[in-house]
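Undergrad: sharing a model that was predicted from the sequence below.
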Amino acid sequence: MLLSIDLPLIIEKLVLIIVVVMSSLVIAMYATFAERKVAAVMQDRIGPNRAGPFGILQPLADGLKLFFKEEIIPNFSSKFLFILGPSLAMLTAMMTSAVIPWGDTVTLFGREIHLQIADINIGILYVFGVVSMGVYGIMIGSWASNNKFSLMGGLRAASQIISYELAMGIALIALLMITGTLSLRLMVVGQMDGVWNVIKQPLGFLIFLICVFAECNRTPFDLAEAENELIGGYHTEYSSMKLGFYLFAEYINMFVSSSVMVSLFFGGYDIPFLNDGHMVEKIGQNWMAVAHIFMFLFKAFFFVFLFMWVRWTIPRFRYDQLMNLGWKVLLPLALFNMLATGAVILYFTTK
Amino acid sequence: MQALTNRAKTVDRKPMTLLERAYLPAIFKGMSITFGHMFKKAPTISYPEKTRPFSPVFRGLHILNRDEAGRENCTACGLCAVACPAEAITMEAAERKAGEENLYREEKYAARYEINMLRCIFCGLCEEACPKDAIYLSETFAPANFQRKGFIYGKEDLLIPNPVTEPEAYAKAKGGRVAVK
């Protein structure tokens, strides 16, 4: 009986996957638009405003343009890997969203549905694993294009991600010692009763935030594409929708990593200063879940905005500065943070 | 050596302090500046919908003027072509026939009157040279074109609308520049 197929569960998960994937695609689409608008507003410009009212059809126009562009595969490239690169980047970007809890439970058609694709007990490890896979997309693509600038970009991306993943992981260990769980849902539930983790782990959050910027290849750590040094870095040779995939993956990564940060440090879908039990009695569980989703998206969008805000404020780091920051500053800080957290926990538990 | 202005600053090459090396204070400062700019009004003028107001002395595209009865002022004397430093103006004169008194004010008129807008430097000397108030520089500028021949403006492009038959178009083309007699 263990192998019996639970058809409603499969349908439920399938619907959930389609909804989550579709909405993260749409959000990424509009993140490109938001990026251009934010850049414009910060530079005292207007930004795209011709396609549709206020330019809201601009992402569609951009997408169409990418589709109609000529698809060029360089003669000397390895064709299979050349196509594998952007596919892998896109695939890993989409996969990360599987463990993020978007909201609490809803009851539909007599079924209790968790608003999370998979509540696995090693959620955050899964995220780390998939994110590390993401760099293979960049590395394979850059290597396969058989171009020195691309290869340079790929090398930079690989070394940058390895360096920053270390500090990121150690910053996270300090957090895990407090929460005592790897499941993202349990972490969020823990924060709903107590205070948000950012208050317990401010230094850890700062390190994590900086590392997320580096992992997403966003300014000030966008050395992998560095337009003015490496032409386009790893996507120099790419055109048409394969280029679109790389650019799109970056925006999906941005949204997903914002969601992960919100779940880890900012209480996930928790609405601050609100007693959830009372509200559930008043408006019902399903409406509460809707409110939770909106709260979650609000927080995530704030972080997406932060990504853009930083991008249009500060210039790119030099490569040696990047390595110094990663190995000589963030790593020791993260280690110190971990030791201090451990000491505090030890002090309070043994007393 | 004496400095040319009092704005010169000596470069500070001292090693960075700990606070400066932490990058974060400088980053926050920069972020507050960019955030402040979000609430500033963009100086953009959305061009085709809105246009920048020109000064009353702006020298734009030429117009050939008519009098209040709708007759062309130009007598094809050629003074504008002589005054033109860029040699952009060409014309051919013709004699007014009986029955054309409502079209041309005087006995001679310009049968062909062309200005090459690629040569024109919009100096306004033609306007100054004209003894008949026939040519004026308006407050619009030459639109783009795909071909060179599109920039040679003939009489049909330059003539102001007839004030008797199309008074509104006439008033619009006249603007604030053309002297009213």
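TA: Perfect, thanks for sending it.
Undergrad: how about low-confidence regions in chain B?
TA: Along chain B, the parts satisfying pLDDT under 70 run over B:1, B:142, B:175-181.
Undergrad: any idea which strand is longest in it?
TA: Using DSSP state E, we find that the single longest strand of chain B is strand B:108-116.
Undergrad: quick check on B:Glu92: phi, psi?
TA: The phi/psi pair for B:Glu92 (degrees, to the nearest 10) reads phi -130, psi 130.
Undergrad: okay, now the residue lying closest to it once chain neighbours are set aside: neighbour count?
TA: Leaving aside its sequence neighbours, B:Glu92 sits nearest to B:Arg112 (CB to CB, 6 or more residues apart in numbering or on different chains; 4.1 Å). The way it works is simple: take the backbone N, C-alpha and C, and place the C-beta from them, glycine included. Neighbour count of B:Arg112, defined by other CB atoms under 10 Å in any protein chain shown: 12.
Undergrad: quick one, strands of chain B?
TA: So, for chain B - with DSSP E - the strands run B:62-64, B:89-95, B:108-116, B:135-137, B:152-153.
Undergrad: likewise for the stretch 1-150 of chain A?
TA: In the stretch 1-150 of chain A, the segments counted as strands under DSSP state E, counting those that start in this stretch are A:105-108, A:111-114.
Undergrad: dump those strands into CSV; add mean neighbour count and distance to chain B as well.
TA: Below are these laid out as CSV (neighbours: other CB atoms under 10 Å in any protein chain shown; distance: least, CB to the nearest CB, whole Å):
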stretch, mean neighbour count, distance to chain B
strand A:105-108, 15, 36
strand A:111-114, 14, 37
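Undergrad: any chance of the backbone angles for the residue nearest the centre of chain B?
TA: Centrality entry for chain B: nearest residue to the mean C-alpha point is B:Gly60, 2.5 Å, by CA atoms, centre = their mean. Dihedral pair for B:Gly60: phi -110, psi -140, per degrees, to the nearest 10.
Undergrad: just to revisit the earlier point, for A:Phe302, find the nearest of the strands of chain B.
TA: A:Phe302 lies closest, by CB to CB, to one member of the strands of chain B: strand B:135-137, at 54.4 Å.
Undergrad: distance between that closest one and the chain's centre?
TA: Distance of strand B:135-137 from its chain centroid, counting by CA atoms, centre = their mean, to the nearest Å, is 11 Å.
Undergrad: show me what that strand is packed up against.
TA: If you count contacts as 3 or more CB pairs under 8 Å, 6 or more residues apart in numbering or on different chains; DSSP states H and E, strand B:135-137 packs onto strand B:62-64, helix B:125-129.
Undergrad: and the longest helix along chain A, does that touch chain B?
TA: Assignment by DSSP state H gives helix A:7-42 as the longest helix of chain A. Yes - Helix A:7-42 is in contact with chain B by CB under 8 Å from any CB of the partner chain, via A:40-42.
Undergrad: is chain B contacted by stretch A:221-236?
TA: No - counting by CB under 8 Å from any CB, chain B is not contacted by stretch A:221-236; separation bottoms out at 12.2 Å.
Undergrad: pull out the buried positions in that stretch.
TA: For stretch A:221-236, the neighbour count (16 or more other CB atoms under 10 Å in any protein chain shown) marks A:221-226, A:230-236 as buried.
Undergrad: now do stretch A:11-19
TA: Here stretch A:11-19 shows A:12-13, A:16 as buried, counting by 16+ other CB under 10 Å.
Undergrad: now the stretch 51-200 of chain A against chain B: closest residue?
TA: Chain B sits closest to A:Gly55 of the stretch 51-200 of chain A, with a gap of 11.7 Å, by CB to the nearest CB.
Undergrad: mind listing what A:Leu176 touches?
TA: A:124, A:182 (CB atoms under 8 Å, 6 or more residues apart in numbering or on different chains).
Undergrad: cutoff 7 Å now
TA: If a contact means CB atoms under 7 Å, 6 or more residues apart in numbering or on different chains, then A:Leu176 has A:Leu182 as its contacts.
Undergrad: okay, it and A:Gln321: tell me how far apart.
TA: The gap separating A:Leu176 from A:Gln321 is 30 Å, by CB to CB, to the nearest Å.
Undergrad: what does chain A put close to chain B?
TA: A:41-42, A:44-46, A:309-310, A:312-314 (CB under 7 Å from any CB of the partner chain).
Undergrad: farthest-apart pair in these, please.
TA: Largest separation among these by CB to CB: A:Ile46 and A:Ile314, giving 23.3 Å.
Undergrad: nearest to B:Leu64, out of the strands of the stretch 1-150 of chain A?
TA: Counting by CB to CB, and looking across all of the strands of the stretch 1-150 of chain A, nearest comes strand A:105-108 at 75.0 Å.
Undergrad: list the neighbouring strands of the closest one plus their orientation.
TA: strand A:111-114 (antiparallel) (DSSP bridges).
Undergrad: one step back: does the residue nearest to the centre of chain B really touch B:Pro143, like I thought?
TA: No - counting by CB atoms under 7 Å, B:Gly60 stays clear of B:Pro143, with 11.0 Å between them.
Undergrad: next, the angle helix A:7-42 makes with the helix or strand harbouring A:Ala249.
TA: Assigned by DSSP states H and E, A:Ala249 falls within helix A:240-265. Per axes from the mean of the first three to the mean of the last three CA atoms, to 10 degrees, the angle that helix A:240-265 makes with helix A:7-42 is 100 degrees.
Undergrad: can you pull the buried residues of the one helix or strand A:Pro332 maps to?
TA: A:Pro332 belongs to helix A:331-350 when assigned by DSSP H and E. Within helix A:331-350, the residues that count as buried by 16+ other CB under 10 Å are A:331, A:333-335, A:337-338, A:341.
Undergrad: one more: stretch B:92-102?
TA: B:Arg96.
Undergrad: for it, measure first residue to last.
TA: With CA to CA, to the nearest Å as the measure, stretch B:92-102 spans 20 Å from end to end.
Undergrad: residues in contact with that stretch?
TA: For stretch B:92-102, contacts defined as CB under 7 Å, 6+ apart pick out B:71, B:76, B:104, B:107-112.
Undergrad: got the angle for the helix or strand where A:Tyr164 lies vs helix A:331-350?
TA: Assigned by DSSP H and E, A:Tyr164 belongs to helix A:148-179. On the basis of the same axes, to 10 degrees, helix A:148-179 is oriented at 10 degrees to helix A:331-350.
Undergrad: hmm, A:Leu16 and A:Tyr117 touching each other?
TA: No Tyr there; residue A:117 is Ile. Yes - look at A:Ile117 against A:Leu16 with CB under 7 Å: they come within range, at 5.5 Å.
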